[in-house]
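A.B. asks: would you be able to build a 3D model of this:
(4 chains)
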Protein chains: 2
Amino acid sequence: MKSPGPRPEFEKLDKRKAFILSTIVYEYVATAEPVGSNTLTQKYNLGVSSATIRNEMAELELGGYLVQPHASAGRIPSDAGYRTYVDQLMRPEPLSAEDRRRVRDEFREASRELGDLIEQTARMLGQMSRSVAFMLAPQRDTQTFAHVQLIALSERTGLAVVVTSLGVAAQHFFEFSPAVSADDLTRLSDLLNARLRGKTLRELLRADLAGFVREADAASELTSAIEAAFRNAVSSDDITIASSGTQHLLDQPEFQDLRKLRSILRIVEEQRSLYDLVADSFATDGPSVKIGHELSLEEVAECSVVTVPYRTADGMVGLIAILGPRRMPYARLMSLASDTADSLNLHLSNPDTR
Amino acid sequence: MKSPGPRPEFEKLDKRKAFILSTIVYEYVATAEPVGSNTLTQKYNLGVSSATIRNEMAELELGGYLVQPHASAGRIPSDAGYRTYVDQLMRPEPLSAEDRRRVRDEFREASRELGDLIEQTARMLGQMSRSVAFMLAPQRDTQTFAHVQLIALSERTGLAVVVTSLGVAAQHFFEFSPAVSADDLTRLSDLLNARLRGKTLRELLRADLAGFVREADAASELTSAIEAAFRNAVSSDDITIASSGTQHLLDQPEFQDLRKLRSILRIVEEQRSLYDLVADSFATDGPSVKIGHELSLEEVAECSVVTVPYRTADGMVGLIAILGPRRMPYARLMSLASDTADSLNLHLSNPDTR
DNA sequence: GCGTGGCACTCGTGACCAAAGACTGCTAAG
DNA sequence: CTTAGCAGTCTTTGGTCACGAGTGCCACGC
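C.D. replies: Residues are numbered from 1 along each chain as shown, chains lettered A, B, ... in the order given. Sure thing, here's the model as predicted:
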């Protein structure tokens, strides 16, 4: 503690400390065992004795980069340790040729319908990451309106289907009395399509729906049905999330404790929590990482999440996310998520693939 | 072994054996502990001594109704024991007033769109059963066609949306060259709707699509697009299954073993396996139960499943399923599933609710 | 000042063992 | 047919002990 600054321990790490920290992260990620000074000197070529490492490790612990699970154990990285590793120390790790090929080929035959697409991608990522992968569909309010169809199902009931360039965005059952003719519905559909084409869904909400209904000479009761359908379409209440790979959590030594596992599983099943966990990453560019307590839920304080946004042709943003133990192979998962986002972007922006 | 028949042990149980077997099932379901003769005489009013119970239990074991986990433990029911209990011994257990109310009220505000509906129901059942609940959407090939819309997205790409009375059944992106006019698409849509209304989806596949396309004077390339969309709509490849409540498995003592838990989780995540597990129950009427090895997958040999079909207004059949440990409260779960199916049936058949 | 060898100390882990407890099956008697 | 009693078996639990891993610190040497 002879350094001048007020928080000397958070100054930039010297070269040796940096190397030791990286090595500890690397080793701990690989083995899931706390790393001791002996392991370090024996398995890696440090050029100094274990006693020196011990001193360095003690300082790293003081600096908040490492913690000791118990007195006679080695050290493991703290949240801050991982953070430093991810931000400053680790080298990017490109995917293996085989993995890269798999990611690229995944979309060759893929659907363009968004729901199918995110489910398929989630499944692939779950397998390849050996972690929990989940996919958040793009916020819908900026998708481009393509079509609305009011369909008569019976004399008094109908279905409104709202379609965007990415597929069906919403459907809404409605009823009316007195009866409305199928012709009315068709006429109104046609008029809406003519007037609204090219707008975003959000803009639809502000359109003069009542005016259109009058213009089409249709029953005024339909106004509220259409409005409800549009509201439904932009609603972010039903966030679409596909997830896959929860069973991999069971392989992780840190989740042998069933209580921990249970609360994590609960989070993963609650789409809302998942959404809140990563929602702020929609605005980022490229991969970003949240480590341990940086996640806003106590239940996943022992997890980390890698996220990458993906974009559709209309510039809408969805999110790829991979959740695993803090002890995750960050570099590889970031590459995996990035490459997947790239492939997905390509697939979504190229109208000639299907 | 003094009875005359070839399999005397499977003859109808006498009254006392029946009572003992029921009590053992009851007790084991409640406590998850093997049941011994002492527990039985002390907690339940048997009127005979534990030695007598021991003799009876030995015979029940010989008859295949009970097994002993190890020599100095009590007995637990075998698959056959549970089967006998479910088929012959147990009394139906109506839901509590509160639970019944919850099931009834669940659909008051519910959507009529099938996807939303089964997801909501699965969530409710997951909570109320404290087991894994899953919902299989009705086979689609018998749903009634309501509408098809061919929508131009760009000069060379389009989207076909197939709608049934239960909501959107399928969407299919297509492309064509040379370009096709939006008018062509509209004209063809109108003609298809006029010609096909009221048929089942399965029948659509046999319709003379090429003829319709000619009749509408539309580009013949569209034939294959429509065909693909229809095929998509009836395809049972993408079975829709919603599931909920996996975290409850962790509470069960029998799944503390992570290996077991893992393989079950894998099954639950694989929709295909879930489907195969219960597919034959589509044909049943009312609740049915599969116990342990009666399930075709070794991974769930320690589980049981309760299923109940539900029906839509068109007479289509979906499935409610609850999967839990063999040691599940059969009577209650059967009531829960049944009542839910009833409410769902009502909701789906009544066109005035929405 | 920095690195190093050595050493005492702390803890968690796994092995081993003994005692306790839970049930059973069997036998002999009512 | 039922029952009390008893011997036998097997799991569970708790405790002790030795071991090993790893640390922190100190004194020494460059």
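
A.B. asks: show residues contacting the strand or helix carrying A:Ser22.
C.D. replies: Assigned by DSSP states H and E, A:Ser22 belongs to helix A:15-31. Contact partners of helix A:15-31, identified using C-beta atoms under 8 Å, 6 or more residues apart in numbering or on different chains, comprise A:13, A:34-35, A:39-40, A:43-44, A:46, A:48, A:53, A:56-57, A:59-60, A:65-66, A:75-77, A:81-82, A:84-85, A:88-90, A:327-329. All C-beta spots, glycine's among them, are computed from the backbone N, C-alpha and C.

A.B. asks: just the ones of those residues in strands?
C.D. replies: Applying DSSP state E to the contacts of helix A:15-31, the entries found in strands are A:66, A:76-77.

A.B. asks: how about those in a markdown table, adding pLDDT?
C.D. replies: Formatted as a markdown table, those follow (pLDDT from 0 to 100):
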| residue | pLDDT |
| --- | --- |
| A:Leu66 | 96 |
| A:Ile76 | 96 |
| A:Pro77 | 97 |
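
A.B. asks: any chance of CSV for these, columns distance to chain B and neighbour count?
C.D. replies: Compiled in CSV, these are given as follows (distance: C-beta to the nearest C-beta, whole Å; neighbours: other C-beta atoms under 10 Å in any protein chain shown):
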residue, distance to chain B, neighbour count
A:Leu66, 29, 26
A:Ile76, 22, 21
A:Pro77, 25, 25
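
A.B. asks: of all those, which comes closest to DNA strand D?
C.D. replies: Looking at those and their distance to DNA strand D, the nearest is A:Leu66, at 8.8 Å (C-beta to the nearest atom of the strand).

A.B. asks: end-to-end on stretch A:73-82?
C.D. replies: Its start and end residues considered, stretch A:73-82 measures 19 Å (C-alpha to C-alpha, to the nearest Å).

A.B. asks: contacts with DNA strand D among the contacts of helix A:15-31, please.
C.D. replies: Checking those against DNA strand D by C-beta under 7 Å from any atom of the strand, the ones in range are A:34-35, A:39, A:57, A:75.

A.B. asks: centre of the chain to the one helix or strand A:Val305 maps to, how far?
C.D. replies: For A:Val305, the element it lies in under DSSP H and E is strand A:303-311. Its chain's average C-alpha position is 4 Å from that of strand A:303-311, according to C-alpha atoms, centre = their mean, to the nearest Å.

A.B. asks: please apply the same query to stretch A:49-68.
C.D. replies: The answer for stretch A:49-68 is 35 Å, by C-alpha atoms, centre = their mean.

A.B. asks: also stretch A:141-151?
C.D. replies: Worked out by C-alpha atoms, centre = their mean, stretch A:141-151 lies 25 Å from the chain centre.

A.B. asks: what's the answer for stretch A:300-318, then?
C.D. replies: On C-alpha atoms, centre = their mean, the centre of stretch A:300-318 falls 4 Å from that of its chain.

A.B. asks: one more: stretch A:165-174?
C.D. replies: 23 Å.

A.B. asks: and that stretch, anywhere near chain B?
C.D. replies: Yes: Stretch A:165-174 is in contact with chain B by C-beta under 8 Å from any C-beta of the partner chain, via A:165, A:167-168, A:171-174.

A.B. asks: stretch A:293-305 too?
C.D. replies: No: figure legend: stretch A:293-305 not in contact with chain B (C-beta under 8 Å from any C-beta); closest approach 11.1 Å.

A.B. asks: ok, stretch A:197-216 next?
C.D. replies: No: Stretch A:197-216 does not reach chain B (C-beta under 8 Å from any C-beta); its nearest approach is 9.8 Å.

A.B. asks: coming back round to it: please produce a PyMOL select command covering the buried subset of the ones next to DNA strand D among the contacts of helix A:15-31.
C.D. replies: Only the buried entries of those go into this PyMOL selection, using 16 or more other C-beta atoms under 10 Å in any protein chain shown:
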select buried, chain A and resi 34+35+39+57+75
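
A.B. asks: as JSON lines, the ones next to DNA strand D among the contacts of helix A:15-31 with distance to B:Val306 and pLDDT would be great.
C.D. replies: As requested, these are exported to JSON lines (distance: C-beta to C-beta, whole Å; pLDDT from 0 to 100):
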{"residue": "A:Pro34", "distance to B:Val306": "46", "pLDDT": "95"}
{"residue": "A:Val35", "distance to B:Val306": "49", "pLDDT": "95"}
{"residue": "A:Thr39", "distance to B:Val306": "52", "pLDDT": "91"}
{"residue": "A:Met57", "distance to B:Val306": "56", "pLDDT": "94"}
{"residue": "A:Arg75", "distance to B:Val306": "50", "pLDDT": "95"}
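
A.B. asks: would you list the ones next to DNA strand D among the contacts of helix A:15-31 in a markdown table and tack on distance to chain B?
C.D. replies: Below are these laid out as a markdown table (distance: C-beta to the nearest C-beta, whole Å):
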| residue | distance to chain B |
| --- | --- |
| A:Pro34 | 22 |
| A:Val35 | 25 |
| A:Thr39 | 27 |
| A:Met57 | 32 |
| A:Arg75 | 27 |
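
A.B. asks: per-residue confidence averaged over the helix holding A:Ser22?
C.D. replies: Computed over helix A:15-31, the mean pLDDT rounds to 94.

A.B. asks: which strands and helices sit next to the strand holding A:Val305?
C.D. replies: Other helices and strands packing on strand A:303-311, by 3 or more C-beta pairs under 8 Å, 6 or more residues apart in numbering or on different chains; DSSP states H and E, are helix A:271-278, strand A:288-291, strand A:317-325, helix A:330-349.

A.B. asks: I appreciate the help and will end here.
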